[in-house]
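Visitor: With the input below, show me the fold.
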Amino acid sequence: MTQRECYGTSKGFRQIGHIDIPGGGQIVVQGQYAYVGHLAPPHGTSILDISDPGNPRVVSHLEVPPGTHSHKVRVHGDLMLVNYESYGGVPGKAFQGGLKIFDVSDRTNPRQIGFFRAAGTGVHRFDFDGRYAYFSPEVEGYLGNIVMILDLQNPSRPAELSRWWLPGQWTAGGEEPTWEGIRHRCHHPLRHGDRLYVSYWHAGFVILDISDPTNPQLLSHLDWSPPYPCPTHTALPIPHPIMGRKILVVTDEEVIDRLADRPNAFMWTVDITEETRPIPIGTYRVPNDQPFNPAEWFGAHQPQEQVSGNTIFVTWFAGGLRAVDISDPYHLKEIGYFMPHPGKGESMVQSNDVFLDQQSGLIFLVDRLCGLDILEFTG
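Guide: From the prediction side, this is the model:
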């Protein structure tokens, strides 16, 4: 059976609802609303009423200028943060990248109240805890995105609190990179407690001590690319011990910017019990993994970031959504999958982001081309 013949099949999942919306880069859920950052202009951010999960509906939609995408979103209370990043090549003169802050106390009418401007191509991914944003801006004088912590005590006047970068990025300070182009750059910071787990693209990931958020300190750095061809996308700490060990789930990303044509990107488990010496201990690949196809990516992307048990839901682009049991982190096991139908007007699936609403238990799956599925895991 070909991958496309698998579309519309599932194991361990039940579809609750669906809506065809423009392709999404990220979805987050808070209460009765879902927030989707879209991939391509003019679509920016949509807010959906999901009080009836079988019939989600858009209640407001923000657009972005040409050459801009706003594909990431975070919400805490009545504050919504979205990124502005260049899209489709070199930024034009009119482009303004950065992090925008909105008041969404009225979900039908988001109101911009702040904007932190970034240089170059703007801001990629970020995390937000209600007070601080942990994000990946481009900054004048640095090569590629770096780590920055932003203080949003006054959301209308966001202020830089601190920054961290990989040695070699601060070219204005005389540092010289040992890598090609911007392959070593901050991709996705995630905060857990007083630690920041930061994927660094073809430089692997770093663990930063942010017990003093004004002065992040490096605890460890692990890089497996090369020899593995795909860059590190997300480093997700598991908030509870498994088999007495502290575990980090790491996904590489299936991309064209790869060091070889195979294998496809996959998922790792890393033992970080001794966080200064992270050790890879397990891997997971989809059973019917296929060679890299630039026309239809098939490989790992993003795991759910809302973790309470030992099942991880992870998007796999053309491989849909996979459910992986990590209760034995040395031997990962697939226990379910959901292969959506392609969205309206599309011929393929590219599952991009997933959110587990721990209050309702529902799973929200967004496709980077078109469509949002609301699921229940029954496996």
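Visitor: which ones are touching the spatially most central residue of the chain?
Guide: With distances taken as Cα atoms, centre = their mean, the residue of the chain nearest its centroid is Q302 (5.6 Å). Taking Cβ atoms under 8 Å, 6 or more residues apart in numbering, we find Q302 in contact with 233-234, 251, 314-315, 352-354. (Glycine included, C-beta is placed from N, CA and C.)
Visitor: Go again with 6 Å.
Guide: 234, 315, 353 (Cβ atoms under 6 Å, 6 or more residues apart in numbering).
Visitor: for the helix or strand containing the first one, the distance to its chain's centre please.
Guide: The reference is to T234. Assigned by DSSP states H and E, T234 belongs to strand 232-237. Distance, stretch centre to chain centre, for strand 232-237: 9 Å (Cα atoms, centre = their mean, to the nearest Å).
Visitor: re earlier: please report phi then psi for the residue nearest to the centre of the chain.
Guide: phi -130, psi 130 (degrees, to the nearest 10).
Visitor: What strand or helix carries Y200?
Guide: Under the criterion of DSSP H and E, Y200 resides in strand 195-201.
Visitor: mean confidence for that strand?
Guide: Averaging pLDDT along strand 195-201 yields 98.
Visitor: Contacts for it, please.
Guide: Outside of strand 195-201, the residues within contact range by Cβ under 6 Å, 6+ apart are 134, 147, 185, 187-190, 205-208, 210, 231-235, 237.
Visitor: picking that back up, ok, so of the contacts of Q302, who is nearest Q15?
Guide: T315 (15.9 Å; Cβ to Cβ).
Visitor: who's that closest one bridged to?
Guide: Residues in a beta bridge with T315, per DSSP bridges, are L321.
Visitor: For it, list the residues it contacts.
Guide: T315 sits next to 301-302, 321, 351-352, 354 when contact means Cβ under 6 Å, 6+ apart.
Visitor: Closest one to R277 out of the residues you listed, please.
Guide: R277 lies nearest to Q302 out of the contacts of T315, by Cβ to Cβ, at 26.3 Å.
Visitor: what residue ranges in this protein score low on pLDDT?
Guide: 1-3, 5 (pLDDT under 70).
Visitor: And stretch 103-113, what's buried?
Guide: 103-104, 107, 110, 113 (16 or more other Cβ atoms under 10 Å).
Visitor: Any idea how far stretch 200-208 is from the middle of the chain?
Guide: For stretch 200-208, the distance to the chain centre is 14 Å (Cα atoms, centre = their mean).
Visitor: Need the distance between the two termini of it.
Guide: 12 Å (Cα to Cα, to the nearest Å).
Visitor: quick revisit: list the buried ones in whichever helix or strand comes after the strand holding Y200?
Guide: Using DSSP H and E, the helix or strand that follows strand 195-201 in sequence is strand 205-209. By 16+ other Cβ under 10 Å, the buried positions in strand 205-209 come out as 205-208.
Visitor: Would you tell me what the next helix or strand after strand 205-209 is?
Guide: Proceeding N to C from strand 205-209, the next assigned helix or strand is strand 217-222, under DSSP H and E.
Visitor: For the strand holding T234, which outside residues touch it?
Guide: With contact meaning Cβ under 6 Å, 6+ apart, strand 232-237 is reached by 188, 192, 197, 199, 204-205, 248-253, 302-303.
Visitor: Pick out whichever of these sits closest to N55.
Guide: The nearest member of the contacts of strand 232-237 to N55, counting by Cβ to Cβ, is Q302 at 26.0 Å.
Visitor: Can you tell me how far that closest one is from E175?
Guide: Using Cβ to Cβ, to the nearest Å, we find Q302 at a distance of 31 Å from E175.
Visitor: same thing with D209?
Guide: Computed as Cβ to Cβ, the D209 to E175 distance reads 22 Å.
Visitor: I'd like the buried residues of strand 205-209 laid out as JSON lines, including distance to H43.
Guide: Output for the buried residues of strand 205-209, formatted as JSON lines (distance: Cβ to Cβ, whole Å):
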{"residue": "F205", "distance to H43": "30"}
{"residue": "V206", "distance to H43": "33"}
{"residue": "I207", "distance to H43": "35"}
{"residue": "L208", "distance to H43": "33"}
